[in-house]
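>>> Return a 3D structure for these sequence lines:
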Amino acid sequence: MKPNTKAQSENIYQTVYQLEGMRHPVESPEALDKAADTIAAKMREYGFAVREQVFNIDGWTRPFRNIEGSIGAVNEKSAAVLTAHYDSVLSPGANDDAAGIAVILEAGRILAQMDNPPPVYIVAVSLEESSNPNFYTKIKESARRHGVLDGQDRYTNWACAKAGKAIQNRSFDFYYSGKTQGDGYRQGLADLGDSVPANLRAHIEEIAPLFDDVTAESAIGLRSRIGSTRWVKEAMETGKKIAFAVNVDEPGIFRYEPKSQGLLGGMGFESYSKQYRTDPQKEIGNFSMLVTHQPSSHLGEIYSEHCEDEGINLPYAWINAPLTYEQVVAYQPMALNSDHAPFWQAGIPALFIFDSSTARSNYIHTPADTIDKIDFDRLAEITDALAATLMDERAYKTS
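Numbering: from 1, shown residues only. Okay, the predicted model is just below:
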C-alpha cells in the first residue's frame, strides 16, 4: 500500500527555513533549545504524540533534549524509527542537518494522515556532531591559552595553521584505522618534529590525553552521536520494539554538471551495489546515496525499489557493505559517521540516506551551508520513497 498523499517541497523548505542558523551546544545553546521547541511544535501540528527525552553530560550543567514523535501503534507492534540531528557545528547547518529533520517530519506528516498508519517513531536527536561540550571547551580553552587560536578561533600564524592541520589529519588517520586519536596526535607531533611551533606542541600535548580512549567505535555516544546513542539505550532498556531505523543526514545537495561527484572514502561508481539514473562516465552528483551493512541490506533493497516507483523516479547509488557491525568497525569505520551507528551497534537494521557529503560538496561544516544550496524537489522525492518504505510490510519483517 502506498501513501495517499505526496511530500510537499514547500513544507520541507519551511522547516529548514525555520531551523537554519548555528545550533551549537556551547556557542549557541539558546538556539539549540529554540530548534528543539520548533521541532516539537511542528510534530504536534502534524498530529504526532510528542515526548522529550532529556539527558545530561557528566560535568556539564545544561541538559540536552531528544524530541520524539510517534504515530501508529508503537506500543503494540514493532516500529520503525526515523532519525535526524538538529544540532550543528559552527555553521548555519541548513543541509547538515536541518534538511534531514525536514525530511523525517514530512514523512511523518504523510503517514499521520492515514486511517491506519504504520508504527513509527520520528526522533530529532541532539549532539550528533563532534560537539561533546567537555571536549569542545577544553580544546578551545587550551588553544587560546597557548596562543594557537585567537578570540575569533583563527590560527595566530601560518606555522601553527599548517602544522595544526597536518597533526589533525594524522589523528584522524589513526582514528579510522582502529587506533586511538590521542596516539594519532602524538604521532603527528613526531612526524613533524622541530617544525611544530612550541606553543602548538604544548597545546597538542595537553589535549592528546583527552583522546586516549577515542577510536572510531568508542566515539559513538562519547564524543559524537550522543543523542541517538542515548535514545537507543533507553529504547533497549524500556523494551521498545524496534523493527528497523532510517537515518537522514546531509541529504539535500544535488549537482548536475560533469565532474561534480567525487570519491566517497576512496570508492568510485564501480563500488556501488546498485545504481539508478546515475552517469558514471560524466561523474555527475545528481543522486541520493544509500548505505547499508549486511543485517540491513533488505532495507536498501526496499527503499531503492521505491525510489524507482512511478511518480518518484529518484536517482540513487546504493552501497551495501557485505559486513557485520564488527567488520564495519574493523574495515570501514567511516561508515559509522552518523546517527545510524548506534542502531547498528545495538543490532538493529538501519538505512543511511545522504548526499555523499564532501564527495560532492565543499559546504559541509562551513558558513556556506545555507538554504539556497538545497534542492527541495529532490528532498520531496526522498521523502516520498521513505514514506513508501515505511508503508511496506516487508521492511518490518525480522527474518
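
>>> For the rest of this, base every contact and every neighbour count on C-alpha atoms.
Noted.

>>> for residue 298, what are its contacts?
residue 395 (Cα atoms under 8 Å, 6 or more residues apart in numbering).

>>> Tell me which helix or strand it sits in.
Per DSSP states H and E: residue 298 is located in helix 297-307.

>>> what stretches of the chain score poorly on pLDDT?
Residue ranges of the chain with pLDDT under 70: 1-4, 399.

>>> what about the helices in it?
Remark: helices assigned in the chain by DSSP state H are 9-19, 29-45, 99-112, 133-145, 158-175, 181-192, 198-207, 226-237, 297-307, 325-331, 341-345, 376-390.

>>> how about a markdown table for those, with distance to residue 357 added?
Putting those into a markdown table (distance: least, Cα to Cα, whole Å) gives the following:
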| stretch | distance to residue 357 |
| --- | --- |
| helix 9-19 | 18 |
| helix 29-45 | 23 |
| helix 99-112 | 13 |
| helix 133-145 | 23 |
| helix 158-175 | 17 |
| helix 181-192 | 22 |
| helix 198-207 | 28 |
| helix 226-237 | 20 |
| helix 297-307 | 19 |
| helix 325-331 | 19 |
| helix 341-345 | 17 |
| helix 376-390 | 15 |
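
>>> among the ones you listed, which is the most enclosed?
Of all the helices of the chain, helix 99-112 has the most neighbours on average by mean count of other Cα atoms under 10 Å, namely a mean of 27.

>>> Quick one: list the elements packing against that one.
If contacts are counted by 3 or more Cα pairs under 8 Å, 6 or more residues apart in numbering; DSSP states H and E, helix 99-112 sits against helix 9-19, strand 64-71, strand 79-85, strand 120-125, strand 242-248, helix 376-390.

>>> from the middle of its chain, how far away would it be?
How far helix 99-112 lies from its chain's middle: 16 Å, per Cα atoms, centre = their mean, to the nearest Å.

>>> I'd like the domain boundaries of this protein, if you could list them.
If you go by automatic domain parsing, the domain ranges for the chain are 9-131+224-396, 133-211.

>>> which other residues reach stretch 128-148?
Here stretch 128-148 makes contact (Cα under 8 Å, 6+ apart) with 24-26, 57, 59-60, 85, 87-89, 149-151, 155-157, 160, 199-200, 202-203, 206-207, 210, 222-228, 338-339.

>>> Likewise for stretch 204-212?
Outside stretch 204-212, the residues that reach it (Cα under 8 Å, 6+ apart) are 135, 138, 139, 142, 180, 181, 182, 183, 185, 186, 189.

>>> Only C-alpha atoms, please: export it in PDB.
In PDB, the C-alpha atoms belonging to stretch 204-212 read as follows (Å, rounded to 0.1, in the frame of the first residue of the first chain):
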ATOM      1  CA  ILE A 204      48.600  19.200  21.400                       C
ATOM      2  CA  GLU A 205      50.500  17.600  24.300                       C
ATOM      3  CA  GLU A 206      47.800  19.000  26.600                       C
ATOM      4  CA  ILE A 207      44.800  17.800  24.700                       C
ATOM      5  CA  ALA A 208      46.100  14.400  23.400                       C
ATOM      6  CA  PRO A 209      45.200  12.600  26.700                       C
ATOM      7  CA  LEU A 210      41.500  13.600  26.200                       C
ATOM      8  CA  PHE A 211      41.500  11.300  23.200                       C
ATOM      9  CA  ASP A 212      43.400   8.400  24.600                       C
END
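
>>> starting at the chain centroid, how far to it?
Relative to the centre of its chain, stretch 204-212 is centred 26 Å away, using Cα atoms, centre = their mean.

>>> Please tell me how far stretch 212-220 is from the chain's geometric centre.
17 Å.

>>> end to end, how far does it reach?
With Cα to Cα, to the nearest Å as the measure, the ends of stretch 212-220 fall 15 Å from one another.
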